[in-house]
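Engineer: structure, please.
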Amino acid sequence: MRREIPSDFPVGHDGTAVLERLAQVLDPELDEPILDLGFVRGLRLRYGHAEVALRLPTSWCAVNFAYLMAEDVRNALLSVDGVRRVSVSLGDHCAAEEIEAAVNEGLPFVEAFPGEAAGNLDALRLTFLRKGFFSRQEQLLRALRAAGWSMAAICVLKLGEVSSEGDAIAIRQPGCAPVVGGSAAILRRYLERRAELGLDSSPTAPLIVDLEGKPLSVDQLQAHYETIRTVRVALEANGSFCRALLSVQHRASAGR
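Structural biologist: Below is the predicted model:
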């Protein structure tokens with residue numbers, strides 16, 4: 001659930017576009033919006049300059065993770081009409097000074113930590129995208145199974161047969177009555193990540209594929225499902241842990 005954050009916008013500016021773009025920024029490891037996680041503690045917009053205050057669960061959160069989030073926030077808000085400059089602050093993070101200096105000037109990670117970083121963070125970002133893909137795929141499989149679909153039936157589903165209908169998933173196969181069930185949001189998130197990874201998104205492509213875009217047999221799909229379930233459970237556990245740490249921080253700052 002998205003948290004309310006202290007915001008300061010010019011008179012007559014409701015900040016909708018800024019908040020919508022900020023809502024698309026994810027914690028790269030947890031695959032959850034940073035707004036929902038409570039990482040955004042303040043937002044200000046003045047004369048085309050957006051200032052975003054982040055607060056991560058601990059001051060020792062991995063430096064590369066923190067950099068990725070700060071960079072994603074900056075890039076997201078620079079895509080908003082009228083925003084010409086973005087400043088991101090990281091509060092009491094152990095590497096706040098180095099990360100802020102680099103990110104706010106649009107410099108790469110390697111320049112933030114010369115002599116320490118072996119290169120850019122593309123490989124790390126790809127790893128997180130793939131983990132998120134598996135987590136989203138598991139959620140979709142779980143929804144389909146809860147709606148009564150067998151593994152054998154899921155194996156033959158094509159992308160063109162599955163769509164969103166309101167808040168639900170609609171499945172239409174030749175010669176069969178339409179079936180509606182499951183969450184459309186789960187389907188959309190899965191398809192978005194699939195496209196991000198460059199996997200085949202044509203109507204005739206299989207709905208469920210591996211990271212190479214290859215379909216799975218019934219036996220393979222069952223084993224695959226058990227494997228990716230552990231990925232989803234781990235991500236959810238890490239997310240709960242982060243929320244708990246932030247809650248402790250919040251109570252401490254409130255003097256409780």
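Engineer: next, the closest residue to residue 46 other than its chain neighbours: phi, psi?
Structural biologist: Leaving aside its sequence neighbours, residue 46 sits nearest to residue 10 (C-beta to C-beta, 6 or more residues apart in numbering; 6.7 Å). Any C-beta I mention is one placed from the backbone N, CA and C, and that applies to glycine too. The phi/psi pair for residue 10 (degrees, to the nearest 10) reads phi -60, psi 160.
Engineer: tell me if I'm right that residue 10 and residue 48 touch.
Structural biologist: No - at 10.1 Å, residue 10 does not count as touching residue 48 under the criterion of C-beta atoms under 8 Å.
Engineer: sec struct for residue 177, please.
Structural biologist: coil (DSSP: H, G, I helix; E, B strand; the rest coil).
Engineer: burial count for it?
Structural biologist: Neighbour count of residue 177, defined by other C-beta atoms under 10 Å: 7.
Engineer: got a pLDDT number for it?
Structural biologist: For residue 177, the pLDDT comes out at 82.
Engineer: okay, now the domains of the protein?
Structural biologist: The chain resolves into domains spanning 7-120, 123-237 when parsed by automatic domain parsing.
Engineer: run the chain-centre distance for the shortest one.
Structural biologist: In this case it means domain 7-120. The chain centroid and the centroid of domain 7-120 are separated by 14 Å under C-alpha atoms, centre = their mean, to the nearest Å.
Engineer: give me the low-pLDDT residue ranges for the stretch 151-256 of the chain?
Structural biologist: Scanning the stretch 151-256 of the chain for pLDDT under 70 picks out the ranges 250, 252-256.
Engineer: how about the strands of it, start to end?
Structural biologist: According to DSSP state E, counting those that start in this stretch, the stretch 151-256 of the chain carries its strands in the segments 162-165, 168-171, 179-183.
Engineer: what's the closest of those to residue 60?
Structural biologist: Between residue 60 and the strands of the stretch 151-256 of the chain, the tightest spacing by C-beta to C-beta is seen for strand 179-183, at 35.5 Å.
Engineer: residues of the closest one that come out buried?
Structural biologist: For strand 179-183, burial by neighbour count (16 or more other C-beta atoms under 10 Å) applies to 179, 182.
Engineer: can you check stretch 87-107 too?
Structural biologist: Buried residues in stretch 87-107 (16+ other C-beta under 10 Å): 87-90, 93, 95-96, 98-100, 102-104.
Engineer: residues in contact with residue 27?
Structural biologist: 33, 34, 37, 39, 65, 69, 239, 242 (C-beta atoms under 8 Å, 6 or more residues apart in numbering).
Engineer: mind running it again at 7 Å?
Structural biologist: 34, 37, 69 (C-beta atoms under 7 Å, 6 or more residues apart in numbering).
Engineer: go on, residue 160?
Structural biologist: By C-beta under 7 Å, 6+ apart, residue 160 lies in contact with 203, 204.
Engineer: any idea how far it lies from residue 145?
Structural biologist: Going from residue 160 to residue 145 by C-beta to C-beta, to the nearest Å gives 21 Å.
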